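S.K.: Got a predicted structure plus its sequence, pasted below:
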Amino acid sequence: MKYNTLGNSDIKVSEICLGSMTWGTQNSEAEGHQQIDYSFEHGVNFIDTAEMYPANPTSAKTQGRTEEIIGNWFKSSGKRDRVVLASKVTGEGLKWVQGGAPISPKKIGISIEGSLKRLQTDYIDLYQLHWPNRGSYHFRQAWRFDPTSQNKEETRTHIQETLAALKVLIEQGKIRQIGLSNESCWGTSQFLQIAEADDLPRVVSIQNEYSLLYRTHDLDLAELSHNEQVGLLPFSPLSCGMLSGKYQGGKKPAGSRITIDPSLYGRVNEQATAATGAYVDVAQNHGIDPSQMALAFCLQRPFVTSTIIGATSLDQLAINIDSCSLKFTDELLEDIYTVFRRFPAPI
């Protein structure tokens, strides 16, 4: 297991981050604790969660349960100080989180107190904004993305006020570093510019979707990540399990995410199915597990700090964590690039 520096901070995180959004719906508390124990034993020191979790599905009844499960593990294990913990404040629209209000200093203040209580900790190492108030091209919205309704000055004022509120939380010791999620290159650059101009906290990471099927980070955002030390924390690196190959041929394994949402949140389509089949073929031709190939691809990208994995069983978790030992050959990379040229944006 490699450990990378989180942005320009002094925090070292494992190259694999344990995602938690199934704990409380698809996984029980005991299963969540087993996943943490197994990951911890295999070198993972980084856990990602959010105040709105669990997902699959999200609901008012279960909201916050994932943080409670992690908090109970901290209490029983006594290992809080050995874990780098990331959480998020929910963006606008989720009605059962403060009425669906947009992110604001007030919302952040309420949300951080709720998260700290559920997590049974005094601080969160990385506190992230789950999605921007002005909207996003992520979550399958790229095909109709239109930024012309945005107001630049309103956005910059919001960013300045948000960073000022986060600075207070850092000074109080409630958070250590801050990050973004589901952000764009322009949006991230505004956070960086305003932080530098006003002596406010600097974002150290951006948590966006990234996988063999969804590679929007490869161009402008990759350039920003490199030059500004804002590393990517990819989520959905297996594209909700598609890249494992387990859904090929119309299969729907019991308990899998596709049985909860047959579209896998907009990912299932003819192009994505064909691209997935091509990537699975590449893995099999090289004698590699498809899941491990997809995860190892993310791990070896130069702009990635830590790849967020999710699993609903210990067998899946073991396969995912073992991906860090997979080394790519030039031939394998060329075969991956050949598929990418055929299917540059399948979802």
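M.R.: Thanks, I have it.
S.K.: contacts, neighbours, all on C-alpha from now
M.R.: OK.
S.K.: Could you find the closest non-adjacent residue to Arg144?
M.R.: Spatial nearest neighbour of Arg144, excluding adjacent residues (CA to CA, 6 or more residues apart in numbering): Tyr137 at 8.0 Å.
S.K.: ok, now Ala283?
M.R.: Going by CA to CA, 6+ apart, Ala283 has Pro290 as its nearest residue, at 5.2 Å.
S.K.: Run through the helices of the chain in chain order.
M.R.: Remark: helices assigned in the chain by DSSP state H are 29-41, 65-77, 105-119, 152-171, 185-198, 220-228, 270-285, 290-299, 314-322, 330-342.
S.K.: and the ones you listed as TSV, adding mean neighbour count and distance to Val97?
M.R.: Below are these laid out as TSV (neighbours: other CA atoms under 10 Å; distance: least, CA to CA, whole Å):
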stretch	mean neighbour count	distance to Val97
helix 29-41	18	22
helix 65-77	20	13
helix 105-119	18	9
helix 152-171	17	18
helix 185-198	16	24
helix 220-228	17	30
helix 270-285	19	33
helix 290-299	24	32
helix 314-322	16	30
helix 330-342	14	39
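S.K.: show me the contacts for the closest residue in space to Ile47 that isn't next to it in sequence.
M.R.: Using CA to CA, 6+ apart and skipping the chain neighbours, the partner closest in space to Ile47 is Leu18 (4.7 Å). Residues in contact with Leu18 (CA atoms under 8 Å, 6 or more residues apart in numbering) are Ile36, Ser39, Val44, Phe46, Ile47, Asp48, Ile308, Ile309, Gly310.
S.K.: wait, what's in contact with the last one?
M.R.: Contacts were defined as CA under 8 Å, 6+ apart; by that measure Gly310 touches Leu18, Gly19, Ser20, Met21, Thr22, Leu317.
S.K.: Pipe these into a markdown table and attach pLDDT and distance to Ala254 per row.
M.R.: Below are the contacts of Gly310 laid out as a markdown table (pLDDT from 0 to 100; distance: CA to CA, whole Å):
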| residue | pLDDT | distance to Ala254 |
| --- | --- | --- |
| Leu18 | 98 | 23 |
| Gly19 | 98 | 21 |
| Ser20 | 98 | 20 |
| Met21 | 97 | 18 |
| Thr22 | 96 | 15 |
| Leu317 | 98 | 17 |
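S.K.: partners of the residue nearest the centre of the chain in the sheet?
M.R.: Nearest to the centroid of the C-alpha atoms of the chain, with distances taken as CA atoms, centre = their mean, sits Phe235, at 3.5 Å. Beta bridges link Phe235 to Glu209, judged by DSSP bridges.
S.K.: gap between it and Gly245?
M.R.: To Gly245, Phe235 is 18 Å away according to CA to CA, to the nearest Å.
S.K.: ok, now Ser149?
M.R.: Distance, Ser149 to Gly245, using CA to CA: 40 Å.
S.K.: So the two - more neighbours on which side?
M.R.: Gly245 (19 against 8; other CA atoms under 10 Å).
S.K.: Tell me the spacing between that one and Gly91.
M.R.: From Gly245 across to Gly91, the span is 32 Å (CA to CA).
S.K.: what's the closest of the contacts of Gly310 to Asp220?
M.R.: Distance to Asp220 across the contacts of Gly310 (CA to CA) is lowest for Gly19, with 26.0 Å.
S.K.: could you list every residue that touches the closest one?
M.R.: Taking CA under 8 Å, 6+ apart, we find Gly19 in contact with Ile47, Asp48, Thr49, Ile308, Ile309, Gly310, Ala311.
S.K.: Make sure Asn182 is actually in contact with Ile206.
M.R.: Yes: in this structure Asn182 lies within contact range of Ile206 using CA atoms under 8 Å: 7.5 Å.
S.K.: okay, those two: which has more neighbours?
M.R.: A direct count of neighbours by other CA under 10 Å for Asn182 and Ile206 places Ile206 higher, at 28 against 19.
S.K.: residues near the nearest residue to the more buried one once chain neighbours are set aside, how many?
M.R.: In space, and not counting its chain neighbours, Ile206 is closest to Leu180: 4.6 Å by CA to CA, 6+ apart. Using other CA under 10 Å, Leu180 has 26 neighbouring residues.
S.K.: Bridging across strands, which residues link to Leu180?
M.R.: For Leu180, the beta-bridge partners are Leu129, Ile206 (DSSP bridges).
S.K.: For it, give me its contacts.
M.R.: With CA under 8 Å, 6+ apart, Leu180 has these contacts: Gln128, Leu129, His130, Trp131, Thr188, Val203, Ser205, Ile206, Gln207.
S.K.: Could you measure from the closest residue to the fifth one other than its chain neighbours over to Ser76?
M.R.: To tie it back to what came earlier, the one meant is Thr188. Nearest residue to Thr188 in three dimensions, chain neighbours excluded: Leu180, at 7.6 Å (CA to CA, 6+ apart). Distance, Leu180 to Ser76, by CA to CA: 30 Å.
S.K.: Then Lys2?
M.R.: Counting by CA to CA - Lys2 and Ser76 are separated by 27 Å.
S.K.: Quick one: end-to-end distance for stretch 198-213.
M.R.: This stretch, stretch 198-213, spans 38 Å end to end (CA to CA).
S.K.: List the buried residues for that stretch?
M.R.: Using 16 or more other CA atoms under 10 Å as the test for burial, stretch 198-213 gives 200-213.
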